[in-house]
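# sequence and predicted structure are below.
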Amino acid sequence: MLSVLFLNPPFLPRFSRPQRSPAVTKSATLYYPLFLAQAAAVAAADGFAVDVCDAPADGLDLAAVTARAQTRRPALAVLDTSTPSIDADIAAAAALRAAVPGLFTVLVGPHASALPGEVLSAVPGAVCAVARREYDLTVLELARVLDSGPATPARLATIDGLSFRDGQGRLRHNPDRPYLDDLGRLPPVAPIYKQFLNIDEYFNPNAKPPMVTLATSRGCPYRCSFCLHPQTLTGRTARYRPIEAVLDEVAWCLDHFPGLRTVFFEDDTLTADRARCREFCAAIVRRGLVFDWTANSRADLPAALLAAMAKAGCRQVCVGFESADETALSAMKKGLSPARMERFRAEAKAVGIRVHGCFLFGLPGDTRASILRTIDFAVKLNPDTAQFYPVMVYPGTEAYEDYRQRGFIEAAAWRDWLTPAGLHTCVVRNETLSPAELVRLCDLARRRFYLRPSFLARRALAAAVSPGELARTTRAAKVFVRHLLAGSGV
Ligand code: SF4
């Protein structure tokens, strides 16, 4: 059977493409290529020979990646994409096609999914097809089609979720592929990590390293207008893996990754279905699995569920508080109130779950005064760690369309979504605030939050009593403190 290359393409060193807001991060975070590796697991389970290459994690440039492809000679290359890297992603597809005669390139991921026509048209001959939205089975069917005959338009037209150009050069967008209801059909992703990735390269300050990223579900029923993955990849209905299959995979990871310290459950929102989350926690305890875990959560969990999560090993949750301003919260359809967030923070603290809080500036209706109130709120809320960013809007999201229609996007090219060094920058303004003002307010928020004597004392104490905490803090702080003190230079 033919060989398939799954490539997280080269771009900037340690560019974290798979995260919801792709960038080179100030905290040295690097996400696992979870979706790409999962699609590779599906293809491998069907008998295809797969190669998984995470170029930013392995420090590979385009020459190294094409040399690897020339050696292994895949017939199909699946390349992940993001908005800021899309030109480099397409250039990688072009280079691979030049290096490997007959190679079929298919681009996947949020940006390609949102703008398949643009991606197919950017560089003639570089991109053969785009697999939109959730792409595991689309890529599998494509591999089967290529394995059994030529890639004629008539044969490609049978693959739901695929966009391509037909024999006359016309864009063809096949019907959307329905989301996979039964995630139990997905094979475990961890063996792919073991075979192809160096887990020490992946880092998240919210999870003690070494860590692995798994998912127990896909999709989120909430409707936050800016949120990328449910609108471009995973959908707005939560779908679940069988709990026992997830825990089998956790047990496999504990056996096969010596010294593993944390599992990061990178579901859109692990806690979206509270009854299922309770069941998940109970199953961990019942099986006697002892491991620390982190998850994305909503900031509105009942105290009893937080207690069950803590008992099952949850050490940290990442939550979007976003704003203290009711108008901004309502504009983004967050469905949370500041009072509820405060209660959540207190109840998480009471059961010993650390909270990483995210705050967004520049939402419609946000003013300098409302953002200063949000900064006060963040300090009062006092999550264990926090991030402050201008709202990042990406194609495929409601927020992007809204800002585009109002003329609020101030960027000439996709690359402008990042600074030259790859850090987040601001591409939007709103009614009253310019991009530069939003960046300055984010800098102010970070300094106010992180340079508080009480915060510094707390981190110093935590590092003093735990060597692991010291290592993790040092790794994140090496990059972060430099940015904190320097600001963003605007
Ligand atoms: S609750 Fe979280 S995952 Fe769900 S749409 Fe909102 S930000 Fe996205």
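Thanks, I have it.
# which parts of the stretch 251-400 of the chain sit against the ligand?
268-269, 298, 320 (CB under 6 Å from any ligand atom). For glycine as for every other residue, the C-beta is placed from the backbone atoms N, C-alpha and C.
# again, 5 Å this time
Residues of the stretch 251-400 of the chain found near the ligand (CB under 5 Å from any ligand atom) are 268-269, 320.
# so which of those residues belong to helices?
Using DSSP state H, no member of those falls in helices.
# I only care about those that end up buried; give me the ChimeraX line for that.
In ChimeraX, this line selects whichever of these come out buried by 16 or more other CB atoms under 10 Å:
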select :268,269,320
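# so which of the residues of the stretch 251-400 of the chain next to the ligand are in strands?
residue 320 (DSSP state E).
# any idea how far the closest residue to residue 278 other than its chain neighbours is from residue 343?
Leaving aside its sequence neighbours, residue 278 sits nearest to residue 308 (CB to CB, 6 or more residues apart in numbering; 5.6 Å). According to CB to CB, to the nearest Å, residue 308 and residue 343 sit 17 Å apart.
# those two: which is more packed in?
residue 308 (22 against 16; other CB atoms under 10 Å).
# for that one, give me its contacts.
277-278, 281-282 (CB atoms under 8 Å, 6 or more residues apart in numbering).
# so what does residue 143 look like in phi/psi?
Backbone geometry at residue 143, expressed as degrees, to the nearest 10, gives phi -60, psi -40.
# just give me the neighbour total for it.
Counted with other CB under 10 Å, the neighbours of residue 143 add up to 26.
# kindly report the same for residue 456.
Residue 456 has 11 neighbouring residues, counting by other CB under 10 Å.
# state the pLDDT value of it.
In this prediction, residue 456 carries a pLDDT score of 84.
# so which residues of the stretch 151-300 of the chain form strands?
Taking DSSP state E, counting those that start in this stretch as the test, the strands found in the stretch 151-300 of the chain are 162-165, 171-173, 211-214, 217-218, 239-240, 262-265, 292-297.
# looking at these, which is nearest to residue 35?
strand 217-218 (9.1 Å; CB to CB).
# close to the ligand, is the closest one?
No. Strand 217-218 lies out of reach of the ligand by CB under 5 Å from any ligand atom, never closer than 10.7 Å.
# any idea how far the residue nearest to residue 278 is from residue 189?
From residue 308 to residue 189 the distance is 26 Å (CB to CB).
# now the residue in the chain sticking out farthest from the centre: phi and psi?
What lies farthest from the middle of the chain is residue 168; by CA atoms, centre = their mean that is 36.5 Å. Main-chain torsions, residue 168, degrees, to the nearest 10: phi -90, psi 10.
# burial count for residue 180?
Other residues close to residue 180 by other CB under 10 Å number 17.
# ok, it touching residue 239?
Yes. With contacts counted by CB atoms under 8 Å, residue 180 reaches residue 239, the gap being 6.8 Å.
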